[in-house]
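Trainee: quick check, what structure comes out for this input:
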Amino acid sequence: MACSTEAGPVALVIERHSVLTCPACGHRSQEEMPEDSCLFFHECAGCGARLRPLPGDCCVFCSWGTVPCPPKQGIRETA
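Mentor: Below is the predicted model:
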């Protein structure tokens, strides 16, 4: 996917890693995100809690990660 600017096309760079933070214990872990799908559940390595997306979010990376999932990264809102 590419965006276009006055200077020409710009390649969209998708970040593949995100740091998940467990809301129960605060444990942080860097995880690789699937490129073409969302991850609905993740087990915390610190306390064993099963992370789930918050209402309105599509996956655990959008709720608990430092970077949203690749499908969301590809969506750009226009003003």
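Trainee: buried ones in stretch 68-78?
Mentor: The neighbour-count check on stretch 68-78 (16 or more other CB atoms under 10 Å) flags 68-71, 73 as buried. All C-beta atoms are positioned from the backbone trio N, CA, C, and that covers glycine.
Trainee: ugh, wrong one, I meant stretch 37-52
Mentor: Those would be 38-39, 42, 44, 51, for stretch 37-52 by 16+ other CB under 10 Å.
Trainee: any stretches of this protein with poor pLDDT?
Mentor: Scanning the chain for pLDDT under 70 picks out 1-11, 76-79.
Trainee: which stretches in it count as strands?
Mentor: Under the criterion DSSP state E, the chain contains strands at 2-5, 8-11, 17-21, 28-32, 42-43, 50-51.
Trainee: list the buried residues of the third one.
Mentor: Counting neighbours by 16+ other CB under 10 Å, one finds that the buried residues in strand 17-21 are 18, 20-21.
Trainee: now Cys25: how far from Ile14?
Mentor: For Cys25, the distance to Ile14 (CB to CB, to the nearest Å) stands at 29 Å.
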